[in-house]
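Participant: sequence and computational prediction follow.
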Amino acid sequence: MAAGRVAVLCGGVGAARFLAGLVQVVDEASITAIVNTGDDSVMHGLTICPDLDTITYTLSGSVNPETGWGLAGETWQAMETLERLGGSERTWFRLGDRDLGTHLHRTGRLAEGASLSEVTAEIASAFGLRLRLLPMTDDPVRTVLSASGRQLPFQEYFVKLRHAVVVDGVHFEGASSAVPAPGVVEAIESAEVVVVAPSNPIVSIGPILAVKGVEAALAARRQSVVAVSPIVGGAALKGPADRLLEELGGSASADGVARHLAHVVGTLVIDEVDGGLAGAVEAAGVHAVVTRTVMSSAEIARDLATTVLRSGRDQ
Ligand code: FO1
C-alpha cells in the first residue's frame, strides 16, 4: 500500500466537485480518478465521454459554471448548422463549438488505434491536469435503462427524456466482458484510501463495479473504502439518483445508499441534515461519519475531502 495515494471512483459533476476539494488537501499527482464510461455515446459519429470531460474541464477551471458540464464561454454555431440540416432530432444533445474540439480529437485518435486510456491521458495533460485520469475500461460499456418495455440508452433517458420516466431495470451492456483499463485495479489495491465520490450509486458507480474484477478489488479492502452519500435529506443533489434508488427497490436515503454499497464500502460520509440516520447506516454494517457534504463552496469541498481521507485512514 502506497502511503498518501488516493483512488476515487467517479461519475460526473458531484465527483468533479469532490476532486476539486481533494486537490486542495493532497498532491494532485497522488490521485487516481477511475471514471464511469457507461454514459458514453456516439453522436454524429463522434465519441462523447461526458464524465471524463466533466472532470477534466472542472479541474482545469474551464467548466461551464452554469451547467456543471461543457466548457465556459461556449458558442453553439455547429448546433445551429445541425438544426438547419436535421432539425431538433439531431440537436437534443447539445455539443458546443469549443467542446467539439475535444470530441474531434478523441474520435480521431481512437480511429488511429489509440486506446481510450491513452486519449484520456492526452486530453487531461493538455488541460493541465496532474492527477491520473482513467476510464474504468477501454472496452465499450453502455448503460441502458428499461422503462415500460423500452430500452433507453443513458443519454436518451437522462437528456432527451429528462429522466421523466419510471425505470424498472438497468443494465450495463458489455460490462461482463469488459476488462478494467490499465492501472485501475492496481490503483484500488495500492491506494491508502479509496473513495466512492458523491455520484449516482446506480448509474455512475454501478457501471464501474460491473467491470470484471473491480467490485472484488474493493470488497477485499472495504474497511478503507469511504463513500460520500449523494442523497441528502432524502433527495439527490442533482439528477435522478433518488428516484432510481426507489424505482429499483431501494430507498432514497443515506441509509438506503449504505445498504446499496455495504458490500464494497466500510464508511459512508453523510450530511449533517441526515445525522439522525447514522444509526441506520451503522445497522447496514457501514461506519457513519456526519459532516457538511453539500459542496456549495471550495472551502466546504476541501473540508469534506479532509474528513473523507481522515475517515479512511482511521480504519
Ligand atoms: N446534459 C444535458 O442536460 N443536456 C445536454 O445537452 C448535454 C450535453 C452534453 C455534452 C457533452 C457532455 O460532456 C455532457 C453533456 N451533458 C448534457 C451532460 C451529461 O449528459 C451528464 O452530465 C452525464 O452524462 C451524467 O453524468
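Facilitator: It's in.
Participant: give me every residue that touches the nearest residue to Leu218 once chain neighbours are set aside.
Facilitator: Nearest in space to Leu218, with sequence neighbours left out and distances taken as CB to CB, 6 or more residues apart in numbering, is Val264 at 4.0 Å. Where you see a C-beta, it was placed from the backbone N, CA and C, and this is true even at glycine. Going by CB atoms under 8 Å, 6 or more residues apart in numbering, Val264 touches 196, 209, 215, 218-219, 222, 225.
Participant: redo that, cut-off 10 Å
Facilitator: By CB atoms under 10 Å, 6 or more residues apart in numbering, the contact set of Val264 is 9, 194, 196, 205, 209, 214-222, 225, 227.
Participant: of those, which is the nearest to Leu304?
Facilitator: Using CB to CB, the shortest approach to Leu304 within those belongs to Ala227, at 12.2 Å.
Participant: for that closest one, which three-state class applies?
Facilitator: Under DSSP: H, G, I helix; E, B strand; the rest coil, the three-state class of Ala227 is strand.
Participant: can you give me the neighbour number for it?
Facilitator: 28 (other CB atoms under 10 Å).
Participant: for beta bridges, what are the partners of it?
Facilitator: Val196, Leu268 (DSSP bridges).
Participant: separation between it and Asp271?
Facilitator: Relative to Asp271, Ala227 is positioned 13 Å away (CB to CB, to the nearest Å).
Participant: intersection of neighbour lists for those two?
Facilitator: With CB under 10 Å, 6+ apart as the test, Ala227 and Asp271 both reach Pro198.
Participant: who's in contact with the residue of the stretch 151-300 of the chain found nearest the ligand?
Facilitator: The stretch 151-300 of the chain approaches the ligand most closely through Val159 (4.2 Å), counting by CB to the nearest ligand atom. By CB under 10 Å, 6+ apart, the contact set of Val159 is 39, 41, 50, 92-94.
Participant: which members of the residues you listed additionally contact the ligand?
Facilitator: Among these, the ones lying near the ligand by CB under 6 Å from any ligand atom are 39, 50, 93-94.
Participant: out of those, which sit inside helices?
Facilitator: The members of the ones next to the ligand among the contacts of Val159 that map onto helices under DSSP state H are Pro50.
Participant: buried subset of the ones next to the ligand among the contacts of Val159?
Facilitator: With burial judged by 16 or more other CB atoms under 10 Å, the buried subset of those is 39, 50, 93.
Participant: just the pLDDT for Asp314.
Facilitator: You'll see Asp314 listed with a pLDDT of 83.
Participant: report the contact partners of it.
Facilitator: 193, 223-224, 226, 267, 287, 289.
Participant: dump the residues you listed to JSON lines, plus distance to the ligand.
Facilitator: Conversion of the contacts of Asp314 to JSON lines gives the following (distance: CB to the nearest ligand atom, whole Å):
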{"residue": "Val193", "distance to the ligand": "24"}
{"residue": "Gln223", "distance to the ligand": "29"}
{"residue": "Ser224", "distance to the ligand": "26"}
{"residue": "Val226", "distance to the ligand": "21"}
{"residue": "Thr267", "distance to the ligand": "24"}
{"residue": "His287", "distance to the ligand": "28"}
{"residue": "Val289", "distance to the ligand": "25"}
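Participant: most neighbours among these, which one?
Facilitator: Val226 (29 neighbours).
Participant: is it true that it touches Thr307?
Facilitator: Yes. If you go by CB atoms under 10 Å, Val226 and Thr307 touch, sitting 9.0 Å apart.
Participant: which stretches of the stretch 201-315 of the chain form helices?
Facilitator: Using DSSP state H, counting those that start in this stretch, the helices found in the stretch 201-315 of the chain span residues 205-210, 214-219, 241-247, 254-261, 278-283, 298-314.
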